[in-house]
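Colleague: would you be able to build a 3D model of this:
(2 chains)
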Protein chains: 2
Amino acid sequence: MRAGFTLNLNPAQIAEYEESHRAVWPEMLALLKDCGISQYSIFRRGTQLFLTFTCDDFEATWSRIEQSPVNARWQAAMAPFFAPMDARAPGERFPMWQEVFYLD
Amino acid sequence: MRAGFTLNLNPAQIAEYEESHRAVWPEMLALLKDCGISQYSIFRRGTQLFLTFTCDDFEATWSRIEQSPVNARWQAAMAPFFAPMDARAPGERFPMWQEVFYLD
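Modeller: From the prediction side, this is the model:
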């Protein structure tokens, strides 16, 4: 499946977010790959981010990622860059978007 | 390159838009492939759409698509489903998002 979701940046920290993402820690990239993530793009427009990747099952994959100390360190480093998320449905981890079309 | 951009739907026509995209015309799919588009996903949340695909050069690719009568017919069929786009920068065809991270 291809997952898609949105996050929001603090306007003052866009440059730092982008700089971090030009140099994601090798151990964080390895973790994502180990958890079965591929074709992972993050797009930005203003303070909005759209994240999309391919994985087997979004909830299972993200739960695995969250068990890793590497991810805990990465998220702690990124946390200051984020503004509050858009409204989520009950039980949603992130504001999820549904794929309505795919052409390989 | 991977392009990403957003469009908006009329709230009353979400179902029709989705139905159309479960049955995109074979000649429209062939046109997209012929123009070098692959890994084309469209995601929806509420009335917002996020479109992303891989191509060689976004402007050149979309200009080629726009020369096709098949595309003209497709866009005419889709036009009633769309609400006005978000604000665009001068010269932007769509509200484009910049890719700030990619993991293959």
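Colleague: A:C35 against A:T61, yeah?
Modeller: Yes - between A:C35 and A:T61 a contact is recorded at 5.3 Å, counting by Cβ atoms under 8 Å. (Glycine included, C-beta is placed from N, CA and C.)
Colleague: what touches both of the two?
Modeller: Common neighbours of A:C35 and A:T61, using Cβ atoms under 8 Å, 6 or more residues apart in numbering or on different chains, are A:C55.
Colleague: and A:Q39, what's its pLDDT?
Modeller: A:Q39 is assigned a predicted lDDT (pLDDT) of 98.
Colleague: so how far is A:P90 from it?
Modeller: As judged by Cβ to Cβ, to the nearest Å, A:Q39 and A:P90 stand 29 Å apart.
Colleague: mind listing what A:N71 touches?
Modeller: Remark: with contacts taken as Cβ under 8 Å, 6+ apart, A:N71 is in contact with A:M28, A:L31, A:I65.
Colleague: let's see if you can find the most crowded of the residues you listed.
Modeller: The residue in the contacts of A:N71 with the most neighbours, by other Cβ atoms under 10 Å in any protein chain shown, is A:I65 (21 neighbours).
Colleague: and that one, that's in a helix?
Modeller: Yes - under the criterion used here (DSSP: H, G, I helix; E, B strand; the rest coil), A:I65 sits inside a helix.
Colleague: isn't it right up against A:L32?
Modeller: Yes - contact between A:I65 and A:L32 holds when scored by Cβ under 8 Å: they sit 7.1 Å apart.
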